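> I'd like to go over a predicted model; first the sequence, then the structure.
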4 protein chains.
Amino acid sequence: MTQAAERRAPGDPPLPDRLLAVATRMFAEKGFGNTSVQEIVEAAGVTKGAMYHYFGSKDDLLYEIYHRLLGLQTSHLERIADGPGTAEERLRAAAVDVLDTSFRHLDAFVVFFRSLHLLSRDRREAVRAERRAYHERFRGLVEEGQREGAFRADVPADLAVHFFFGAVHQIGTWYRPGGRLEAEAISEHYADLFLNGLRN
Amino acid sequence: MTQAAERRAPGDPPLPDRLLAVATRMFAEKGFGNTSVQEIVEAAGVTKGAMYHYFGSKDDLLYEIYHRLLGLQTSHLERIADGPGTAEERLRAAAVDVLDTSFRHLDAFVVFFRSLHLLSRDRREAVRAERRAYHERFRGLVEEGQREGAFRADVPADLAVHFFFGAVHQIGTWYRPGGRLEAEAISEHYADLFLNGLRN
Amino acid sequence: MTQAAERRAPGDPPLPDRLLAVATRMFAEKGFGNTSVQEIVEAAGVTKGAMYHYFGSKDDLLYEIYHRLLGLQTSHLERIADGPGTAEERLRAAAVDVLDTSFRHLDAFVVFFRSLHLLSRDRREAVRAERRAYHERFRGLVEEGQREGAFRADVPADLAVHFFFGAVHQIGTWYRPGGRLEAEAISEHYADLFLNGLRN
Amino acid sequence: MTQAAERRAPGDPPLPDRLLAVATRMFAEKGFGNTSVQEIVEAAGVTKGAMYHYFGSKDDLLYEIYHRLLGLQTSHLERIADGPGTAEERLRAAAVDVLDTSFRHLDAFVVFFRSLHLLSRDRREAVRAERRAYHERFRGLVEEGQREGAFRADVPADLAVHFFFGAVHQIGTWYRPGGRLEAEAISEHYADLFLNGLRN
DNA sequence: TATGAATGAGCGTTCATTCAT
DNA sequence: TATGAATGAACGCTCATTCAT
């Protein structure tokens, strides 16, 4: 009866998703280590037991955040890379997309690059492997452009990708919504700087 | 007698420096939160009390690492920016230097961008202020080049600096000494990509 | 199985009460500052975590001891003050009762007057407010007697109450059970000295 | 040279006295346990080594505070008790004097009754023995008055002394300088209440 | 007389996790 | 599915005291 009142409304996301959303926000705000399981479950309106029913550990929460974000970005990249257009066009589209996606999931993004090293070794390796695959796919586009002569060939492609991803991964440290530049504009400028840097 | 044997040899660095060196290495390896004060002082061969004689808290250790690194980079930048050469030449020199310095103090560098958010609010603000001053000095060089017509003017200078520093700040996440490319080569390539990206 | 044997028997007081009882005894014996949380939980047969599940801090333990004692004394005083009899009769009854209650909860009483100053400022103020209300109720009886002419009016009532309570609050520093005089006898003598002192 | 400037001026009290004065004030304000040796020596403008040169331990400071206060009160009492006048007159004078002295050395007084239990067993016993002698001398005056018929004999003399000293020892918990009543007036009222209470 | 670096032992508190219900 | 009492291990920090100088 009284409990029924606290039950989730039909439109609410299921508990695991709610826990992940809450955890993502709190990890981004206060850091993984400074957010206790107690705080997460309180913010989600449940108890610890409920959380441990769905997630084996606090680490699992973090891993799941990564996993979902990586899955999203990978599927985007594959769609773009396998699509039509020159290598340069597809690289530009991919660059803009990864930035747009990052801005749209900024909390998860911030957590990713700040807390990855806190995962257990196994999990960390798993994430890195996924990340590496993503990186290599992106690099493939650069190499394609170099072979076509659209990009300078004197810069190692993997280094160029590190360069660009480095710039992308740091946006969470300085970007604040509502600033002078909109996220979309920043994405375009970043893509410009990257593509122009690769030009002959 | 036995104690005398444990005393520091005349050539050894003083204890505060030794503690900072040890802490920097351990924070970089295992993270700030996963390194206990006990581990630090054991690695330095002293007791906790000795550490707390010189540093008010574990946070102070972290702050001091930042402070020294920032001081070093700032002095380098000022020397270069105030030196001879065109804006483009000085910007290139500054870009190469910040990369070289980062590679040379990679542990402190890694700690910096991974653990800054763990500092107390006051300290964090202090570091950010120092960092901002550095950023603005660098941006000044970009703007100078834009006015001279050496660089494209359609990209906001501060965004370009964020872009480059983002790339730089991430090197600790993928660079491993002894890899295919030497640190010097990476520095040159990164500077190329950045400067070329700014070109008209 | 083995754990079941350590579980509390049905008749045992619940853990929070057991912890409070143990803490009261130890604080009285060795002082608040010289009693570690570890000692308390060991004496209660649980771990620290269990204690911190019920009490937010060691201070909370102290506060709760005060709070319960004050609640007890306040309810007694109200019953007596609102009861039948002349002001003098009710004041005497209240005086004897506060002494009896103090002897009966001597440990809590000793802790109270020895460790109140160790509480956090907020908590200390809360206790003082409760204490002040009790004091004022008692003073009301003195003033009533003064108005009726039963007591001398040349002594400020609040001073007389300070005087009496001072005497009462110190019994823990010299009274030892099993001495020459029983607690009841002491209560009567103290009430005599107080009431006689107030007489015209 | 520069040190000479910090040397004590001819009129300043010697260091041990200064340390005791500072310690007394701080113990009264924050409690013995919450005042560190470091804070004391800083407030006195010296270093730890200097303090440990004069006092063997932090406990010694506390003991010395007690010892000086007790010596003062004892000498006063002896002078009065051995002086002229009836037992009642001398008891009243002694009562007023112990109150006046207490008000005049309120900090030491507060520390005394709050922190005595923190002393080592030996020291505590030593203080108690001194205290007992004082108590017995005072009791002698009560008994003298009882034998002379000036005071009621149905109240044990030692209990009456406990009663009065109890009231006296608590003044530090409620008296604040600058209040409605001056210390002298309070002393008189307290003596009145005590003597009147003893009257037949 | 006085310094101050260093010790060593202890303390209050936190927290992810488990498990009987 | 979910609760919440309880565990156990660790952690940052404090502080009276010592001692070479």
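In hand now; what should we look at?
> Would you map the helices across chain A?
A:2-6, A:15-30, A:37-44, A:48-54, A:58-81, A:87-104, A:106-115, A:121-148, A:157-169, A:171-174, A:183-198 (DSSP state H).
> Does chain C have contacts with the fourth one?
No: when contact is scored as CB under 8 Å from any CB of the partner chain, no part of helix A:48-54 falls within range of chain C; the minimum is 12.2 Å. All C-beta atoms are positioned from the backbone trio N, CA, C, and that covers glycine.
> Tell me which residues are up against that helix.
Helix A:48-54 has contacts (CB atoms under 8 Å, 6 or more residues apart in numbering or on different chains) with A:15-16, A:19, A:37-38, A:40-41, A:44.
> switch the cut-off to 7 Å
Helix A:48-54 is contacted by residues A:15-16, A:19, A:37-38, A:40-41 when judged by CB atoms under 7 Å, 6 or more residues apart in numbering or on different chains.
> For B:Leu61, find the nearest of the helices of chain A.
B:Leu61 lies closest to helix A:106-115 among these, at 19.3 Å (CB to CB).
> now the angle between helix B:106-115 and the closest one, please.
Interaxial angle of helix A:106-115 relative to helix B:106-115 (axes from the mean of the first three to the mean of the last three CA atoms, to 10 degrees): 150 degrees.
> Give me the distance from helix A:106-115 to the chain's centre.
Taking CA atoms, centre = their mean, to the nearest Å, one finds helix A:106-115 lying 7 Å from the centre of the chain it belongs to.
> hmm, back to that, tabulate the helices of chain A in a markdown table, adding columns for mean neighbour count and mean pLDDT.
A markdown table is the format used below for these (neighbours: other CB atoms under 10 Å in any protein chain shown; pLDDT from 0 to 100):
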| stretch | mean neighbour count | mean pLDDT |
| --- | --- | --- |
| helix A:2-6 | 6 | 38 |
| helix A:15-30 | 19 | 93 |
| helix A:37-44 | 16 | 93 |
| helix A:48-54 | 14 | 92 |
| helix A:58-81 | 18 | 94 |
| helix A:87-104 | 19 | 96 |
| helix A:106-115 | 22 | 92 |
| helix A:121-148 | 16 | 94 |
| helix A:157-169 | 23 | 97 |
| helix A:171-174 | 20 | 94 |
| helix A:183-198 | 20 | 97 |
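> Can you lay out the ones you listed as CSV showing distance to D:Arg199?
Below are the helices of chain A laid out as CSV (distance: least, CB to CB, whole Å):
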stretch, distance to D:Arg199
helix A:2-6, 67
helix A:15-30, 70
helix A:37-44, 65
helix A:48-54, 68
helix A:58-81, 74
helix A:87-104, 89
helix A:106-115, 79
helix A:121-148, 85
helix A:157-169, 89
helix A:171-174, 82
helix A:183-198, 90
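> So which of those is nearest D:Leu193?
Closest approach to D:Leu193 among those is made by helix A:37-44 (55.1 Å; CB to CB).
> Can you pull the residues of chain A lying near chain B?
A:31, A:33, A:114, A:117-118, A:155-156, A:159-160, A:162-163, A:166-167, A:169-171, A:174, A:181, A:186, A:189-190, A:192-194, A:196-197 (CB under 7 Å from any CB of the partner chain).
> restrict the contacts of helix A:48-54 to those near chain C?
Of the contacts of helix A:48-54, not one also sits near chain C (CB under 7 Å from any CB).
> of the residues you listed, closest to D:Gly140?
Closest approach to D:Gly140 among the contacts of helix A:48-54 (CB to CB): A:Gln38, at 63.9 Å.
> ok, the closest one to A:Asp107 distance?
To A:Asp107, A:Gln38 is 20 Å away according to CB to CB, to the nearest Å.
> Now chain A against DNA strand F: closest residue?
Residue nearest to DNA strand F within chain A: A:Gly49 (1.3 Å; CB to the nearest atom of the strand).
> Which residue ranges make up each domain of chain A?
Following automatic domain parsing, chain A resolves into domains at A:10-54, A:58-198.
> Reformat these as CSV; add distance to DNA strand E.
Conversion of the domains of chain A to CSV gives the following (distance: least, CB to the nearest atom of the strand, whole Å):
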stretch, distance to DNA strand E
domain A:10-54, 3
domain A:58-198, 4
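> Now render the ones you listed as a markdown table, adding distance to B:Glu136.
Shown next, in a markdown table, are the domains of chain A (distance: least, CB to CB, whole Å):
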| stretch | distance to B:Glu136 |
| --- | --- |
| domain A:10-54 | 27 |
| domain A:58-198 | 13 |
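> I'd guessed A:Thr35 sits against A:Met26; true?
Yes: look at A:Thr35 against A:Met26 with CB atoms under 7 Å: they come within range, at 4.5 Å.
> thinking again about what came up before, the helices of chain A: which one's closest to B:Leu70?
When the helices of chain A are compared by CB to CB, helix A:171-174 sits nearest B:Leu70, at 15.2 Å.
> Show residues contacting the closest one.
A:102, A:106, A:109-110, A:113, B:162, B:166.
> same thing with stretch A:63-81?
Outside stretch A:63-81, the residues that touch it by CB under 7 Å, 6+ apart are A:20, A:23-24, A:90, A:93-94, A:97-98, A:101, A:105, A:108-109, A:111-112, A:119, A:123, A:127, A:130-131, A:134, A:137-138, A:141.
> and if you look at stretch A:115-128?
The contact list for stretch A:115-128, computed with CB under 7 Å, 6+ apart, reads A:27, A:32-33, A:59, A:62-63, A:66, B:31, B:114.
> try stretch A:188-196
Here stretch A:188-196 has contacts from A:88, A:91-92, A:95-96, A:99, A:164, A:167, B:155-156, B:159-160, B:163, B:196-197, using CB under 7 Å, 6+ apart.
> got a list of what the nearest residue to A:Phe113 once chain neighbours are set aside touches?
Excluding its sequence neighbours, the residue lying closest to A:Phe113 (CB to CB, 6 or more residues apart in numbering or on different chains) is A:His169, at 4.9 Å. Neighbouring residues of A:His169 by CB under 7 Å, 6+ apart: A:113, B:166, B:170.
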